[in-house]
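Asker: Based on what follows, work out the 3D shape:
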Amino acid sequence: MSQVTFCFSNDLELRYRLHDSLTASLWMSMLKKLSPTGLLRDDINHRHGFANAANIHSKVNRLRQAVCALKLPPPQLSATTWQHELNQLHIHFPGFFERRRSATEFHNAHQMNLLIHWLEYELMNHYGLKNQQLFNLDFNHQPQAYRLKQFVPQNELSQFSVQLPFGSLHLHYIYIGRHFLEMFDARDMISPASHFKAQHEFNATCGLVFSETQNVDEIYLDRMRRYYEARGGSAFWGHEFDSPHIAKGFFQLGQLVDMDRYQDKEQRQMLRERLALAHVVGWHF
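Answerer: Here you go, the predicted model:
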């Protein structure tokens with residue numbers, strides 16, 4: 001069975017066993033053709049869920065600077081308004097990306113987008129007590145990665161999952177727009193239908209999950225179905241709720257090999273503390 005080991009800047013190595021799927025095999029073949037120099041390793045893109053209050057305050061100021069440079073109203077991110085304010089900003093990014101009027105405008109729009117995503121994780125943890133921690137390995141800004149992209153085989157679309165257990169390795173999103181789970185988590189009621197993109201294509205971009213495993217129960221799934229209907233059902237999404245083509249969640253590629261080491265919550269927390277200031281510097285097979 002195929003395995004990949006990710007190497008971190010603090011000498012930590014984490015080994016993952018891939019699931020037996022064509023998608024996982026194709027993903028690994030892409031990763032073998034890319035180098036760590038192609039990763040977008042910005043501090044607002046690589047680690048999510050590890051920030052403290054000072055980090056968050058600094059990034060809110062950076063977001064306001066980027067937003068003002070784009071001549072948009074600066075967001076007011078309070079405990080009750082932050083999600084709506086970030087959703088409002090989010091709908092502007094595709095337009096800036098398509099126009100690309102100048103390098104400066106594109107840089108500010110790109111910064112705004114990264115900061116929105118970073119703050120969505122951090123403020124959900126800060127205000128919503130959700131405690132999500134993950135690493136994002138982002139090749140989406142590398143032309144070679146897009147030349148290598150593939151479609152998820154039709155018979156494997158059912159392997160998308162809204163559950164992201166501790167130790168899982170999954171495909172990450174590669175489109176300009178929003179996928180179903182992102183919109184649901186953001187309670188997004190304002191994005192137009194054209195901004196929804198089902199995750200049918202992928203490149204080597206992936207995520208490593210270090211959050212505590214959250215149970216997905218019938219109450220959660222019912223909330224998700226009600227959100228689907230509130231946004232217009234199949235007329236908005238283009239697919240029925242139970243269709244695998246809507247690609248809810250993320251495609252699971254693999255799992256940490258030595259899960260026995262992290263059976264206790266204290267051990268998992270120690271790992272998160274080791275990762276808090278680290279970044280991925282390479283991988284081997």
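
Asker: residue ranges with poor pLDDT in the stretch 151-285 of the chain?
Answerer: Applying pLDDT under 70 to the stretch 151-285 of the chain flags no residue at all.

Asker: quick one, helices of it?
Answerer: Remark: helices assigned in the stretch 151-285 of the chain by DSSP state H, counting those that start in this stretch are 180-185, 218-230, 234-237, 265-275.

Asker: right, and these - which one's nearest Ser243?
Answerer: helix 234-237 (8.5 Å; C-beta to C-beta). Yep, even glycine has a C-beta here, placed from its N, CA and C like the rest.

Asker: Name the residues that touch the closest one?
Answerer: Phe180, Ala193, Phe196, Tyr228, Arg231, Glu240, Phe241, Ile246 (C-beta atoms under 8 Å, 6 or more residues apart in numbering).

Asker: what comes up buried for stretch 142-159?
Answerer: Gln142, Ala145, Leu148, Lys149, Val152, Glu156, Leu157, Gln159 (16 or more other C-beta atoms under 10 Å).

Asker: just the strands in the stretch 51-200 of the chain please.
Answerer: 134-137, 150-151, 160-161, 168-171 (DSSP state E, counting those that start in this stretch).

Asker: I'd like those strands as JSON lines, with distance to Lys71 appended.
Answerer: As requested, the strands of the stretch 51-200 of the chain are exported to JSON lines (distance: least, C-beta to C-beta, whole Å):
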{"stretch": "strand 134-137", "distance to Lys71": "29"}
{"stretch": "strand 150-151", "distance to Lys71": "38"}
{"stretch": "strand 160-161", "distance to Lys71": "38"}
{"stretch": "strand 168-171", "distance to Lys71": "35"}
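
Asker: Out of those strands, flag the one nearest Ile219.
Answerer: Evaluated with C-beta to C-beta, the strands of the stretch 51-200 of the chain place strand 160-161 nearest to Ile219, the distance being 17.3 Å.

Asker: Listing partners with orientation, what would you give for that closest one?
Answerer: Here strand 160-161 has these sheet partners by DSSP bridges: strand 250-256 (antiparallel).

Asker: Show me which of the helices of the stretch 151-285 of the chain has the highest average neighbour count.
Answerer: Greatest average neighbour count among the helices of the stretch 151-285 of the chain goes to helix 180-185 (a mean of 20), per mean count of other C-beta atoms under 10 Å.

Asker: circling back to that earlier point, nearest to Tyr121, of the strands of the stretch 51-200 of the chain?
Answerer: Comparing those by C-beta to C-beta, strand 134-137 comes nearest, at 7.8 Å.
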